[in-house]
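Participant: no FASTA, just this:
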């Protein structure tokens, strides 16, 4: 009986000890060092002429620097108009900085610092915008290239992505230059000319800067924003990308004899084979993992979340499957935790009663840190097995970026400035789209991706969507953020 009693006591004690461990870890949980905003002394606010900034953003939107998938459709003269507009509109900035035009109408500005022993900083934006989907023009409240200022916002294609950043940078530098600010640390602007079509201009800029021996303290580009209603706490959160996913598009081709649709082959031809291959690849999803920048965001804000979230994060060793299930329950959340697979394009016969001689599908991958283009290709080949299809990259794939530091001085400066301007907690995360900044890794130590734009989750669809607009309040945040960041980092 004594043995039975001891066993019974042990069975009771084990869960009690486990509960005690869980509770202690929960109540004592603190985010890992560096994941939240630092206590860096951020420069004071700068004066902002909001009326002027709005008019200048409006004028920039009215210059339709649209990049098309078929580059022959691009109207290159529009980039010349935009360059001339910037020179005429920001005279003090152009006196302070040297200016170069390189590949794909990309602009490089250099504001030389007084101490050349200090590593420079690189600030980025891009000049080009995506087209407006034909047939949707009537759904816009204001014409997409009119730059209308109404309802407390500037309306038009590129207002957020990314002429808002471009004008915010130029407004800040114009104001600082007029006020006599002179940086100690060199400030370099890289204003990409073709970010929306994979960024050959940014690649050229990176090669040029590397050849000049530039090793920037940090790069800052677009990427993530200030969420008004982040899904973890429901409140504001300034989210800074410390890495971005890789980009690759897989082309799958099924060849067949072709012929008339009235006498299809037993296997239904190339289209049916292609459908089986696409289904096999899509059904073999990459597993989700609670790691990297996607997990860092949850770790950073857990103290502000409810008790269940804090308990799960503090005891990840026990609740990891639950965390993955909760974060991965929505498509945006799942995208933070694994490589995504998205079939996007199909091509078969040019006529409904003709069997195609080849059928083709394109699958777009956004590759998470930890995976590579090689592992993606290997998984796809394994999924299709012996199906008679060929797999090839549509264009050379881009690997995921390196993960930038959250303990460096660069992170401290960027996160502190983001926190000061937004009035929100700050957290790192993963950018699931692609930016020009990924090409800058050879010329920089750390790369961060953040726009000081406050958006609700539902508003994120405005980027590349109908009725894109930037509120005047957000435009003011843009100018303040870039101005204060320059003074804090380079002053």
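Facilitator: Alright, I've got the coordinates. No experiment lies behind these values; they were computed from the predicted model shown.

Participant: so where do the strands sit in the stretch 301-450 of the chain?
Facilitator: Taking DSSP state E, counting those that start in this stretch, the strands of the stretch 301-450 of the chain run over residues 340-347, 354-355, 358-367, 390-393, 426-431, 444-455.

Participant: buried residues in the third one?
Facilitator: Which is strand 358-367. Using 16 or more other CB atoms under 10 Å as the test for burial, strand 358-367 gives 358-363, 365-367. To be clear about C-beta, it is placed using only N, CA and C from the backbone, and glycine gets the same treatment.

Participant: Could you export those residues as TSV, including distance to residue 66 and pLDDT?
Facilitator: Shown next, in TSV, are these (distance: CB to CB, whole Å; pLDDT from 0 to 100):
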residue	distance to residue 66	pLDDT
358	32	89
359	31	92
360	27	96
361	27	97
362	22	98
363	26	98
365	26	97
366	24	97
367	28	97
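
Participant: would JSON lines of those residues with distance to residue 391 be doable?
Facilitator: Converted to JSON lines, these look like this (distance: CB to CB, whole Å):
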{"residue": "358", "distance to residue 391": "14"}
{"residue": "359", "distance to residue 391": "14"}
{"residue": "360", "distance to residue 391": "11"}
{"residue": "361", "distance to residue 391": "10"}
{"residue": "362", "distance to residue 391": "11"}
{"residue": "363", "distance to residue 391": "9"}
{"residue": "365", "distance to residue 391": "12"}
{"residue": "366", "distance to residue 391": "18"}
{"residue": "367", "distance to residue 391": "16"}
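
Participant: from the residues you listed, which single one is nearest residue 197?
Facilitator: Ranked by distance to residue 197 (CB to CB), the buried residues of strand 358-367 are led by residue 362 at 15.6 Å.

Participant: Distance of the closest residue to the closest one other than its chain neighbours relative to residue 435?
Facilitator: Nearest residue to residue 362, sequence neighbours excluded (CB to CB, 6 or more residues apart in numbering): residue 345, at 4.1 Å. Taking CB to CB, to the nearest Å as the measure, residue 345 falls 23 Å from residue 435.

Participant: okay, those two: which has more neighbours?
Facilitator: More crowded of residue 345 and residue 435, by other CB atoms under 10 Å: residue 435, with 25 against 12.

Participant: burial count for the residue lying closest to residue 349 once chain neighbours are set aside?
Facilitator: Among residues not flanking residue 349 along the chain, residue 356 sits closest, at 3.9 Å (CB to CB, 6+ apart). By the criterion of other CB under 10 Å, residue 356 has 22 neighbours.

Participant: so what pLDDT did residue 356 get?
Facilitator: We have a pLDDT of 84 for residue 356.

Participant: Please name the residues that touch it.
Facilitator: Taking CB atoms under 8 Å, 6 or more residues apart in numbering, we find residue 356 in contact with 256, 258, 269-271, 348-350.

Participant: now residue 462
Facilitator: By CB under 8 Å, 6+ apart, the neighbours of residue 462 are 160, 455, 468-469.

Participant: if I read this right, residue 245 contacts residue 364, doesn't it?
Facilitator: No. Checked against CB atoms under 8 Å, the pair residue 245 and residue 364 is beyond contact range at 11.0 Å.
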